[in-house]
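>>> below is the sequence, then the predicted model.
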Amino acid sequence: MADTTGSEGMAGAGKPAGSARGAASATDPLNSLARGAGVGLSGKIGGRLIHLVAQVAFARLLGPEGFGLYALGFTLLRIITLLTPLGLPRGAIYFGSRHWRRDESAFVGTVFQAAALTTASGVFAGAVV
């Protein structure tokens, strides 16, 4: 009659079920991704709650007219913040990825060019407003 337990079955007999798997799952990329997503979601929710509390506080402190001016200024600032990069960070990723491993000087030039153009558009938008 053959031994069906084998030596592998006896080696982990004293350990709780799943302990060997728990060590492997701690470094599992899917668990790491899920943990990072949870942290990001928690931060986003926390930031929105803080923003909500600040908005309520500003509304009570400034009154209707003052809060209206604040809301207009904040909205204008958010719109300008969205428009000033002009898509350059995505362009830097697109064009920089072409030079990433092949030509370091072209990659650095792409990154600096994107940073300079973003800065220039931000300064221009600030001067206009």
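Okay, I see it. Just so we're clear, the structure is a prediction, and the values are computed from it rather than from any experiment. Numbers count the residues shown, from 1 in each chain.
>>> state the phi and psi torsions of residue 84.
The phi/psi pair for residue 84 (degrees, to the nearest 10) reads phi -60, psi -30.
>>> surely it touches residue 120?
No: Residue 84 is beyond contact range of residue 120, at 9.5 Å (criterion: CB atoms under 8 Å). Just so you know, the C-beta spots here come from the backbone N, C-alpha and C atoms, and that holds for glycine as well.
>>> higher neighbour count, these two?
The neighbour count for residue 84 versus residue 120, taken as other CB atoms under 10 Å, is higher for residue 84 (17 against 12).
>>> and the chain, what are its domains?
29-73, 84-129 (automatic domain parsing).
>>> can you tell me the average pLDDT over the longest one?
On average, the pLDDT along domain 84-129 is 83.
>>> longest helix anywhere in this protein?
Longest helix in the chain, counting residues (DSSP state H): helix 29-83.
>>> can you name the next helix or strand after that helix?
Using DSSP states H and E, the helix or strand that follows helix 29-83 towards the C-terminus is helix 88-99.
>>> buried residues in that following helix?
88, 91-92, 95-96, 99 (16 or more other CB atoms under 10 Å).
>>> helix or strand right after it?
Using DSSP H and E, the helix or strand that follows helix 88-99 towards the C-terminus is helix 104-128.
>>> run the chain-centre distance for that next one.
Relative to its chain's centre, helix 104-128 lies at 21 Å (CA atoms, centre = their mean, to the nearest Å).
>>> against which helices or strands is it packed?
helix 29-83, helix 88-99 (3 or more CB pairs under 8 Å, 6 or more residues apart in numbering; DSSP states H and E).
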